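*Asks:* Based on what follows, work out the 3D shape:
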Amino acid sequence: MAVEARLRVTDLAAGYGSNLVLHGVSLHVGESEIVSLLGANGSGKSTVLNTISGFLRPREGRIELDGRSISGMPPHKSFRHGVVQVSQARDLFGDLTVEENLKLGCIVHGDEGLGLEQAFAYFPRLADRRDQRVSTMSGGEQQMVALGRALMSQPRILLLDEPSGGLSPVFVEEIGNIMRRMKGDGVTMLLVEQNMRLALEISDRYLILRDGKVIGGGATGELSGSHDDIVRAIYL
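*Replies:* As a prediction, the model looks like this:
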């Protein structure tokens, strides 16, 4: 019996120029679920996200959102359908204020987007800095702005690429707590994360990528004790 999925990817192949990176990747993410993609650098994790969001066209395979094909849609169209990606670069406007960056997230929905006060409820730290230019903020604070802007668009699926990358332990813990709250509020997420402990703590399921192929995975609730088997699968 097929699993009901918010996002379903089937036999996806994609790459850059003549270099094929993904080889028949299949995955699904259920509504209000967090699924983590784990793997070494170069395993194809970010390529999966970039292909789903439309920054990269698939060579083969199918991408469906709520049962409708979004395969090959350019980013602006996939965004209008509810696919929102937060990249490692965060892609913020440094000369704009926190509030101005957040408002850009609901440019498609207008008044139907998540309200500013709701966004600030997720990120109280940003409420006190709403008039501050983003370029003057720390990396952790900028990551909060990027997540807040994504939430302002009311995503149907949120693609997160290394949200804890380069952050201090304090901010890693804070970002993890925010993602737990987002999940509790029904936000569906596909997460790429090198911090395996964080990924497994907040995710419902995990998938292991190696050389552009899914080689394993399971429910995080079934894990116990050491994660040595996952580390061996990723790196050996």
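*Asks:* CA only for contacts and neighbour counts going forward, please
*Replies:* Noted.
*Asks:* So for the helix or strand of the chain with the lowest mean pLDDT, what gets flagged as buried?
*Replies:* Ranking every helix and strand in the chain by mean pLDDT, DSSP states H and E puts helix 228-235 at the bottom, with a mean of 71. Neighbour-count burial for helix 228-235, counted by 16 or more other C-alpha atoms under 10 Å, picks out 230, 233, 234.
*Asks:* Tell me the spacing between the second one and residue 218.
*Replies:* Plainly put, residue 233 is 13 Å away from residue 218 if you go by C-alpha to C-alpha, to the nearest Å.
*Asks:* Just the helices from the chain, written as ranges.
*Replies:* 45-53, 75-80, 98-104, 116-122, 124-127, 139-152, 169-184, 196-202, 228-235 (DSSP state H).
*Asks:* need the contact list for the spatially closest residue to residue 97 that is not a sequence neighbour.
*Replies:* For residue 97, ignoring the flanking residues on the chain, the nearest one in space by C-alpha to C-alpha, 6 or more residues apart in numbering is residue 133 at 4.1 Å. Residues near residue 133 by C-alpha atoms under 8 Å, 6 or more residues apart in numbering: 94, 95, 96, 97, 98.
*Asks:* okay if I get these as TSV plus pLDDT and distance to residue 62?
*Replies:* Output for the contacts of residue 133, formatted as TSV (pLDDT from 0 to 100; distance: C-alpha to C-alpha, whole Å):
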residue	pLDDT	distance to residue 62
94	90	36
95	93	39
96	95	37
97	95	39
98	94	37
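*Asks:* I'd like to know which of those is nearest to residue 149.
*Replies:* For those, the residue nearest residue 149 by C-alpha to C-alpha is residue 98; the value is 9.3 Å.
*Asks:* Compare the mean pLDDT across the helices of the chain and name the weakest.
*Replies:* Mean pLDDT is lowest for helix 228-235 out of the helices of the chain, coming in at a mean of 71.
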